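J.: Build me a model:
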Amino acid sequence: MMPRLVERPGLVFALVFAWKVALLILTAQPVPANDSFFYDGPVVNFLLHGTYANPSLGLVLPISGNEVFSAYPPLYQLTLLGWMGVFGTSALSAMWLHVLLFGIYELILLAIFRRLQTPGMCVNCAGLFLFAVTFHDRPDSLAHAFGMAAVYACVRSRRSLGGGAGELNEPLARTLPINLPQADPPLTPPRRGTNYRAPLPSTEGLGVWRSAVEAKPNSLWKWAWVALTVFTFGTSLQIGATYFLFTWLLMVGSSWVAKEQLPVMAMAASVLIPIGLVALVRFWHPHLWAGFLEHARMTPSFSGLRMPQIASILKVIRTAPGVFAVLLIVPWLIRQRRGQGLEGSVRFWLLTGAGTAAALAVTIASLSVVAANLVAIAAYLQPLAVGTCLAFVLAHTRRPSLPRSSLAVIFGLAFIVSIRAIGMTTWGVACAHDMSYPRTLERLRQELNATAPGSAVVISAAYLYETARHDELHWIHSDWPGKPEQTGGDRELDALVALKPAKLIVTQFDYYRRYEAVVEGLKARPELVAVKLENTATVRAPDSIKSLQKVVQHVSWAPVVVDFSWR
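T.: Okay, here's the model as predicted:
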């Protein structure tokens, strides 16, 4: 029974999705992190107050905060507008949208594996790496759904990737366990300890498949991947660039390895359309372009060339170990099989190479030239790279299943990427029992109702969905209380002194990450302000423990409430 379940494609995918749904229903996790309301705020404000801007950013980004939100491409906000117009503007509503988008991403990924006829064991092993995706607070959820759909359209558009009407070619059919016409004589179970290879299918069945695979793919698919790549750019520029690289590598690789003609017009369109859209905004909507630039200058993606830091290296190891495992396996396997050719594993080779190269490019960039958090993009590419690599291994070694040593390595790497998921399911459940989402909202409403109208309040992103209903207050995003000083001063401390807010209400994550030292600094200045602090958590959150802050983080809804009485 167990081997049959392991061979069933999609089993682990379904379990991961069920886990996410159960965690959301029972504990309201993952808690929206600091970026969530940056992107969701303009939609929330539009539905509540009629202005497509994010007032919580107004002190730092005057155009996007007070006039029109233009700090980022708009497709995610359009999607969120339709969703929140039906299901409301709460944080829980946004969280359900991200879980749904993750489910769509999973289905597209499964469709790619199915199109490639990837063995079920390989698909399920790849599914274990989905546990690396635990934050859902950015447009990334939608961008990866578009991007993976672009990869699927690429696969459908190229015969060497499975784009013909059939599913497999003859050499691959000889090496993988698939649904073939019944062989003669009938297959019999192997004896324990024997190196078993299934008899070859009948020539007649293979002839039917050969003619099917040689069928010309529908030409609409080559334009579908162009459109979907543009949609990805329209949701996230960084993720759009990643999938652009992925799809171009697939096109060039299939032309080089399988001698297919390059779709020059489609590839040119995938470059020219995004450039044209940027030019349209730049020259015909200069105010929107100015709004984009004010954000880009404040938080540039490119940080300049730097040496990899220990914290960034550990983050890469925790997020994308499967990518580096693939990077080691494939060259070794090619050397072992030198001179024997790719046989029927061309499609697996191309998907593995392109996916790993795109993920590796993101990973190296996050260590050296861009923000370290962008390594999260590689987590979405990792399952596809791992699954196709394992199928590539089976095709070359002609084994019916993966050896136990390989499975042990896979499970070990999957455990590494699952550390935060395990923390959410254990420590996070304890934190939710201590201070649940409904109790947090109740406490938040009490604090806001007790605040004098016209007062400023500095609030974490997770609480701003509710705070946005209080238009009598001046609510400020806790990550954006003021512009950083060029002199290198304490941004948060200087911002609070200048703003003189009545309250600071932040999550455990935000308090221990950036506001603990600020509050202690203000306590040391009684001539300036009187400070009253209450931490509503009775179960200590991992954010409060220095050694765990970067391992398990942001699993508690319990707010830290700070009241200020300024002199």
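
J.: And F131, how far from A517?
T.: 33 Å (CB to CB, to the nearest Å). Backbone N, C-alpha and C define where each C-beta goes, glycine included.

J.: Tell me which of those two has more neighbours.
T.: Between F131 and A517, counted using other CB atoms under 10 Å, the more crowded position is F131 (24 against 12).

J.: so that one, which of the three states?
T.: helix (DSSP: H, G, I helix; E, B strand; the rest coil).

J.: what about it, distance to L78?
T.: Distance from F131 to L78, by CB to CB: 30 Å.

J.: In contact with Q382, which residues?
T.: F129, A132, A320, G322, V323, A359, V417 (CB atoms under 8 Å, 6 or more residues apart in numbering).

J.: so after the strand or helix carrying it, what's the next helix or strand?
T.: In the assignment (DSSP states H and E), Q382 maps to helix 376-397. Under the assignment DSSP H and E, the closest C-terminal helix or strand after helix 376-397 is helix 404-417.

J.: Which positions within the next helix or strand after that next one qualify as buried?
T.: Downstream of helix 404-417, the first helix or strand assigned by DSSP H and E is helix 419-434. Within helix 419-434, the residues scored as buried using 16 or more other CB atoms under 10 Å are R420, A421, G423, M424, T425, W427, G428, V429, C431, A432, D434.

J.: want to throw the residues you listed into a markdown table with pLDDT and distance to V316?
T.: Shown next, in a markdown table, are those (pLDDT from 0 to 100; distance: CB to CB, whole Å):
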| residue | pLDDT | distance to V316 |
| --- | --- | --- |
| R420 | 94 | 14 |
| A421 | 95 | 18 |
| G423 | 95 | 19 |
| M424 | 96 | 21 |
| T425 | 96 | 23 |
| W427 | 96 | 23 |
| G428 | 96 | 24 |
| V429 | 96 | 28 |
| C431 | 96 | 27 |
| A432 | 96 | 29 |
| D434 | 95 | 32 |
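
J.: ok, how many other residues are close to V16?
T.: Number of residues near V16 (other CB under 10 Å) recorded here: 21.

J.: contacting residues around it?
T.: Counted by CB under 8 Å, 6+ apart, V16 has contacts E106, G127, L130, F131.

J.: Just the buried subset of these, please.
T.: Buried members of the contacts of V16, counted by 16+ other CB under 10 Å: E106, G127, L130, F131.

J.: quick one: low-confidence parts of the stretch 401-550 of the chain?
T.: Scanning the stretch 401-550 of the chain for pLDDT under 70 picks out 484-489.

J.: for it, what spans make up the strands?
T.: 456-459, 474-477, 503-506, 529-535 (DSSP state E, counting those that start in this stretch).

J.: quick one: strands adjacent to the third one?
T.: Paired strands of strand 503-506, with direction, are strand 456-459 (parallel), strand 560-566 (antiparallel) (DSSP bridges).

J.: Tell me what angle the last one forms with strand 529-535.
T.: Spelled out, that is strand 560-566. Going by axes from the mean of the first three to the mean of the last three CA atoms, to 10 degrees, strand 560-566 is angled at 170 degrees with respect to strand 529-535.

J.: what separates I545 from S236, distance-wise?
T.: 32 Å.

J.: No further queries at this time; thank you.
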